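> got a sequence here, can you build the structure:
(2 chains)
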Protein chains: 2
Amino acid sequence: MVTKNQAMSPFAKLPAPPYYAVIFSAQRTEGDHGYDDTAQRMVELAITMPGFLGVESTRDANGFGITVSYWQSEADIAHWKADMDHRAAREQGRSRWYQHYELRVAKVERAYGKPVNTA
Amino acid sequence: MVTKNQAMSPFAKLPAPPYYAVIFSAQRTEGDHGYDDTAQRMVELAITMPGFLGVESTRDANGFGITVSYWQSEADIAHWKADMDHRAAREQGRSRWYQHYELRVAKVERAYGKPVNTA
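Predicted coordinates:
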């Protein structure tokens, strides 16, 4: 369940490693072409998938973005990859939304951080 | 060596997996406080480190950024972490530049992508 606070923070709240990361970097094409709606819908769909742990995403003014989604297992990633709505969205991504993208699947072995205001 | 083309593309040119990723997500504080100069200097320094493979980085208008650096081995990451200039920069990051950050070290197992215009 995504609480209001989690939805407002750009940081994913993750369990202790190990878990898996899908690192997606992409250069957007010019214009929206339905991208924002679908991107939002895909996040809402991903959240419902088994093994989804969290996502962090950002894009600069030049349209270069990095999205990292986190998953409990490789099987969870495969299941998300096979989702039909997600397949359709990826097809749009390849043909209309991304000039170039790179996707890397990685096993997170260590993690640490500094949330400043934990009060 | 970083060629002009590599410097101009936001994408890292990486060898086939396996290799390691350091996924750094961070919320910047307001104002520069010397950040841009140091960030640029750290990239220039990282490039000279043994085992450095590449880096991708982006930050949105709200100051939320993700930087993923790629390395041949965990030993290379440890060596970079121990570099004195990098330690000093991290100390500044903790005290002045970042409201919150998360760092995850991961082993990249699979990778694929779509560079559109390869002509």
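> now the helices for chain A?
Counting by DSSP state H, chain A has these helices, from start to end: A:4-8, A:35-48, A:74-82, A:84-92.
> what's the closest of those helices to chain B?
helix A:74-82 (8.2 Å; C-beta to the nearest C-beta). Placement of C-beta: from N, CA and C, glycine included.
> contacts for the closest one, please.
Helix A:74-82 is contacted from outside by A:20, A:22, A:46, A:49, A:50, A:51, A:52, A:71, A:86, A:87, A:105, using C-beta atoms under 8 Å, 6 or more residues apart in numbering or on different chains.
> hmm, back to that, can you redo the helices of chain A as CSV with mean pLDDT and mean neighbour count?
CSV is the format used below for the helices of chain A (pLDDT from 0 to 100; neighbours: other C-beta atoms under 10 Å in any protein chain shown):
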stretch, mean pLDDT, mean neighbour count
helix A:4-8, 52, 9
helix A:35-48, 94, 14
helix A:74-82, 96, 15
helix A:84-92, 93, 13
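> including distance to residue B:67, could those go into JSON lines?
Below are the helices of chain A laid out as JSON lines (distance: least, C-beta to C-beta, whole Å):
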{"stretch": "helix A:4-8", "distance to residue B:67": "22"}
{"stretch": "helix A:35-48", "distance to residue B:67": "21"}
{"stretch": "helix A:74-82", "distance to residue B:67": "22"}
{"stretch": "helix A:84-92", "distance to residue B:67": "25"}
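> still on that earlier bit, of the contacts of helix A:74-82, grab the buried ones for ChimeraX.
In ChimeraX syntax, the buried subset of the contacts of helix A:74-82 is picked out as below (16 or more other C-beta atoms under 10 Å in any protein chain shown):
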select /A:20,22,46,51,52,71,86,105
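> so which of the contacts of helix A:74-82 belong to strands?
If you go by DSSP state E, those have A:20, A:22, A:52, A:71, A:105 in strands.
> so the last one touches residue B:107, yeah?
No: assessed by C-beta atoms under 8 Å, residue A:105 is found out of contact with residue B:107, at 10.0 Å.
> okay, now residue A:101: neighbour count?
Around residue A:101 there are 21 other residues, counting by other C-beta atoms under 10 Å in any protein chain shown.
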